[in-house]
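coords below, sequence missing:
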């Protein structure tokens, strides 16, 4: 039978117990090819179908609960630290161009309020504790200098009012300033919020025939 098979195939058959020298290398090459193909398919499938990666994304940076540094004064209730605008929480100071009156004579109470805040802060490190963000995207915070609440100090010195719409924290300081006739309480003044409402069109051109802003409503000491 072996002779017949050899004649039919034209090649000698391997005898029982005899191994072919080419079978083992072919098996190894085939196994490696299958492994490479499975790995490539797995990567392609993950990227193509958006499957989650096993790699961990880096954790987002922690947000500091306080903002510290030397401050620049923008106006009587706004400062800037590291290019971040910070609105002092719970108080409302006169605007930079706002004027008040003493015995009928106008004086620049808005600028005086800003100077008072600047003198109080000086070159000291200011620590601001954020509480919220306002509609302009500014951080609203209670700010401290050498452990003293600067917001409270501004109201106590009469350079800002307690901003009752948002907080009652500084009402007592406002009453004390009014009784002591400190800062703006030396004479008459328009509440900053009312002043802004009455002067909202100040930067817009107005024709000579258009009416001016409503008559100011002044605040006098109690």
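Ah, there it is. All values derive from a computational prediction rather than experimental measurement. Residues are numbered from 1 along each chain as shown.

for this structure, name the helix or strand with the lowest mean pLDDT.
In the chain, the helix or strand scored least confidently by mean pLDDT, DSSP states H and E is helix 2-9, which has a mean of 40.

can you report how many residues lie near residue 189?
Neighbourhood size, residue 189 [other C-beta atoms under 10 Å]: 26. For the C-beta atoms, the positions are set from N, CA and C on the backbone; glycine is no exception.

from the contact counts, what lies against the helix or strand it falls within?
Using DSSP states H and E, residue 189 falls within strand 189-190. Packing partners of strand 189-190 (3 or more C-beta pairs under 8 Å, 6 or more residues apart in numbering; DSSP states H and E): strand 100-102, strand 218-219.

please redo it, this time with the cut-off set to 7 Å
The contact analysis (3 or more C-beta pairs under 7 Å, 6 or more residues apart in numbering; DSSP states H and E) places strand 189-190 against strand 218-219.

pLDDT of the strand it packs on, averaged?
Taken as a whole, strand 218-219 has a mean pLDDT of 46.

go on, stretch 129-146?
Mean per-residue pLDDT for stretch 129-146: 95.

now do stretch 83-90
96.

in it, which residues are buried?
By neighbour count on 16 or more other C-beta atoms under 10 Å, the buried set for stretch 83-90 is 86-90.

which stretches of the protein form helices?
Secondary structure of the chain (DSSP state H): helices at 2-9, 23-49, 109-121, 150-156, 171-180, 192-198.

and these, which one is worst for confidence?
helix 2-9 (a mean of 40).

residue 166 against residue 92, yeah?
No - the criterion here is C-beta atoms under 7 Å, and residue 166 misses it with residue 92 at 8.9 Å.

got a list of contacts for stretch 107-126?
68-71, 73, 75-76, 79, 81, 93-100, 143, 145-146, 150, 153-154, 157, 159-160, 184, 189 (C-beta atoms under 7 Å, 6 or more residues apart in numbering).

in it, what counts as buried?
109-114, 116-117, 120-121, 126.

with distance to residue 171 added, can I get the residues you listed in CSV?
Below are those laid out as CSV (distance: C-beta to C-beta, whole Å):
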residue, distance to residue 171
109, 20
110, 22
111, 26
112, 22
113, 19
114, 23
116, 20
117, 20
120, 21
121, 24
126, 24
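
sorry, back to before: which one of residue 166 and residue 92 has more residues nearby?
Between residue 166 and residue 92, counted using other C-beta under 10 Å, the more crowded position is residue 92 (24 against 15).

still on that earlier bit, out of the buried residues of stretch 83-90, which sit inside strands?
With DSSP state E as the criterion, strands contain 86-88 from among these.

now, which of the residues you listed sits nearest residue 130?
Taking C-beta to C-beta as the measure, residue 130 lies nearest residue 86 of those, at 8.1 Å.

got a list of what that closest one touches?
So residue 86 contacts 67, 78-80, 128, 138-139, 141, 143 (C-beta under 7 Å, 6+ apart).

so of these, which two are at opposite extremes in space?
Spanning the widest gap among the contacts of residue 86 are 67 and 78, at 13.5 Å by C-beta to C-beta.

shouldn't residue 87 be in contact with residue 143?
No - using C-beta under 7 Å, residue 87 is not in contact with residue 143, being 9.9 Å away.

re the thing from before, just the buried residues of stretch 83-90 now: which is nearest residue 196?
Nearest to residue 196 among the buried residues of stretch 83-90, counting by C-beta to C-beta, is residue 87 at 13.6 Å.
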